[in-house]
Every structure is written in structure tokens, then in C-alpha cells.
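Q: show me the folded form of this:
(one chain, ligands or ions: 1)
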Amino acid sequence: MTKSDCLKWANNEAEKILWLGRTIHIVIPSIVEPDEEFSVRISVVGPDQMPTKKALILKIPQQKGWRNIRTTIKVCDKPICLEKVSLKQQGSYRLKAEFNFLNDVRYVFSNPIWCRSNPPTRLFWGDIHIHSIDGLCQPYTAKEPRFGMEYARNVTFLDFMAITDHVRGLNASKWEKQRKLVKEFDKPGEFVSFLAFESSHRSGQGGDNNVGFLRVSVLSLSFTRTKLGTTCLFC
Ligand SMILES: [Zn+2]
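A: Below is the predicted model:
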């Protein structure tokens, strides 16, 4: 094998890994009523779990019971939002999409959705235990708090989230930065972000104790380092 053959072979294999390692998120609400309009949000991430610039042509064929759904879309690093989709009748559904890969048709599905008149409850999804670089946790992989919020809102399409950094890594200016971020991202009805932190006791052996706040406007924290860890006072 010549050097250029080898490179070509390696590039082909890399390309295959890139395509096989993708995750396609098709996210819809978990519970709706018949005729209630909702949106379908779609994102594609590569093997590194980051949005990929490599475009994917996704076909969503007409499906029984679905309104406003038939489409062909190009998804790359920007999330797609299909508006005003609805279901005609009660039942359980998953939305099917298809794409071509290696001369074959592949199928992907959304999360399940339950359609029922006057549903007794609604279901929302979130993550209230996320660490960022501010909390000195996993410094080689942790990212800025803004990254966590953008990712939750625009890539995995969570309904709510909270950054829960270790108080040992926080200080007044980081706390103020997170407070402003929470305010910026918190849009009830679309996406909810909580102000929160994690307090580790007994030198880290006391478990992950996460504390979240419903209000961001009045809160500041005062941090004190003690023998058994860092504690904070609410002001
Ligand atoms: Zn934790």
C-alpha cells in the first residue's frame, strides 16, 4: 500500500466512523392533547457529541394521525424546529424519519408521545445536576456554564436545567456570572434554568448535595472555607 492509498483508506474509515457515530435527536413533548400544536426539534451530533457541520438530509414521511409533518430537511450544526405539528387522535406514537446511508435507507425515531384528551399530567425533562469549569470538577472536560445551558436548550432540547457547581470552586464573581446566565436563559414556557450549587461535606465523602433556588433576583452567597470543605451563607 502506498502512502496516498493508506491516507485514502484512513480517510474513508474516519468518514464511516463519523457517520456511524452520529446521534440524531428528534424531540417532541411526551404528553399532548388531540389537535394541540407542538414543535418537533431536531439536532445531529457527531461521535464527540458536538453538533456536526456535516449536513444530513432527513426525510420525514407523512404518517398516520400526524398533521403538518411531511418534509425533507437538511440538518447540520444548527437545530431545526418544525412548528405547528399536531396529532388527530388519542394514542401513543413515535415520529419516524429516514435517511440514506451507504446506499441503504436507515430509520430513526423520536421519543414516544402520548396523546390523550384532558391528560391528568404533563411530563417535562431536565437535568438538575450539571457541572461546569467554575466548580473545579473534571477540569479537562468541563466547559463554561454557558456551554451547558446552550447544549441543554439547543442540542438535547431539555425543558429545564441547573448548573450545580461545587462550592469549593465558586466565589462571588463566578456566582454573579451564573446568576446573570440563569436570568438570561430562563424563559418559562420554553426553557427553565435554575440557580443552584453543590455542597460536598465530610471532605467530599458526604455525597452530592445539590441545592436549587426558584428565584435569582435576591440571592448572593458568601463562601467560607472550613476544615471539612467549603460552606456558604445565604445573604
Ligand atoms: Zn456533582
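Q: give me phi/psi at the residue of the chain found nearest the ion?
A: In the chain, the residue found nearest to the ion is D208; the distance is 4.1 Å by Cβ to the ion. Using the backbone N, CA and C atoms, a C-beta is placed for each residue, glycine as well. Main-chain torsions, D208, degrees, to the nearest 10: phi -90, psi 110.
Q: tell me what R41 is bridged to.
A: Beta-bridge partners of R41, counted by DSSP bridges, are V27, C81.
Q: so it touches C81, yeah?
A: Yes. Between R41 and C81 there is a contact at 5.2 Å, judged by Cβ atoms under 8 Å.
Q: the two - which one has more neighbours?
A: Legend: neighbour count by other Cβ atoms under 10 Å for R41 and C81, higher for R41 (19 against 13).
Q: just checking, N68 touches L95?
A: No. N68 lies out of contact with L95 (Cβ under 8 Å); the separation is 11.7 Å.
Q: isn't the residue of the chain closest to the ion right next to E198, touching?
A: Yes. Between D208 and E198 there is a contact at 5.7 Å, judged by Cβ under 8 Å.
Q: which neighbours do those two share?
A: Common contacts of D208 and E198 (Cβ atoms under 8 Å, 6 or more residues apart in numbering): 129, 164.
Q: hang on, the earlier thing: ok, the residue of the chain closest to the ion to I128 distance?
A: From D208 over to I128 the distance is 11 Å, taken as Cβ to Cβ, to the nearest Å.
Q: for V105, same thing?
A: Between V105 and I128 the computed distance is 39 Å (Cβ to Cβ).
Q: same question for G46.
A: Computed as Cβ to Cβ, the G46 to I128 distance reads 27 Å.
Q: what does the protein put close to the ion?
A: Proximity of the chain to the ion, by Cβ under 5 Å from the ion, involves residues 198, 208.
Q: and the chain, what are its domains?
A: 3-115, 126-234 (automatic domain parsing).
Q: next one: the last one to chain centre, how far?
A: Think domain 126-234. Chain-centre distance of domain 126-234: 16 Å, with Cα atoms, centre = their mean, to the nearest Å.
Q: what's the neighbour count on the residue of the chain closest to the ion?
A: Residues within reach of D208, counting by other Cβ under 10 Å, total 12.
Q: residue contacts, it?
A: D208 is in contact with 129, 164, 198, 200, counting by Cβ under 8 Å, 6+ apart.
Q: could you look up the SS state of the second one?
A: This means T164. strand (DSSP: H, G, I helix; E, B strand; the rest coil).
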